[in-house]
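Visitor: Using only what follows, build the 3D model:
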Amino acid sequence: MATTLTARPDHAEELVRDTLRRAYETCDRYDGHQPRAWLLTLMRQARTDRQNTAGSPAFHAVVDNALAALPLTYRQVIRLVDIDGLSYAETAGLLGVSEAFVTSRLRRARRRILLQLKAAGLVPGRGER
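Guide: Below you'll find the predicted structure:
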């Protein structure tokens with residue numbers, strides 16, 4: 001996930017370190033439920049704090065615009081799976097659709113967001129890594 005949120009592997013490593021530090025510092029407040037969602041929340045907070053101190057809100061603006069431009073069904077699966085941390089099965093049950101539908105919509109939504117990030121120069125294009 002850290003690699004998805006950052007454009008460079010070294011930034012992803014720093015984000016993971018920041019996330020683990022936050023987890024260690026706040027583990028006494030963790031209730032033991034949904035560890036994946038908890039860690040992803042900590043990772044998003046670490047990324048936001050890092051970007052705020054680095055003065056780089058452009059990434060968020062591009063992602064927000066890309067999300068807003070998605071059709072509703074795409075936006076729903078992105079929010080439920082990538083933001084809220086639900087599984088494909090949980091998302092399918094909540095929306096009353098098949099897991100294949102969730103998988104398809106998620107793949108297409110992520111592709112559209114990635115294209116926007118590439119167009120903005122925030123992630124390398126094919127063959128630029």
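
Visitor: any weak-confidence spans in the chain?
Guide: Across the chain, the stretches falling below the confidence threshold (pLDDT under 70) are 51-57, 124-129.

Visitor: Quick one: the helices in it, in order.
Guide: The residue ranges that make up the helices of the chain, judged by DSSP state H, are 2-5, 9-26, 35-54, 58-69, 72-77, 88-95, 99-119.

Visitor: how does the protein divide into domains?
Guide: Listed domain ranges for the chain are 1-56, 57-122 (source: automatic domain parsing).

Visitor: Quick check: the gap between the residue nearest the centre of the chain and R105.
Guide: Averaging the C-alpha coordinates of the chain gives a centre point, and the residue nearest to it by C-alpha atoms, centre = their mean is D82 (5.1 Å). According to C-beta to C-beta, to the nearest Å, D82 stands 12 Å off from R105. Every residue, glycine included, has its C-beta placed from N, CA and C.

Visitor: now L70
Guide: Computed as C-beta to C-beta, the L70 to R105 distance reads 9 Å.

Visitor: Same drill for those two, tell me which one is more crowded.
Guide: Counted by other C-beta atoms under 10 Å, L70 and R105 do not tie: R105 has more neighbours, with 22 against 19.

Visitor: residue contacts, the residue lying closest to R75 once chain neighbours are set aside?
Guide: Among residues not flanking R75 along the chain, L67 sits closest, at 6.0 Å (C-beta to C-beta, 6 or more residues apart in numbering). In this structure, L67 makes contact with 75, 78, 113, judged by C-beta atoms under 8 Å, 6 or more residues apart in numbering.
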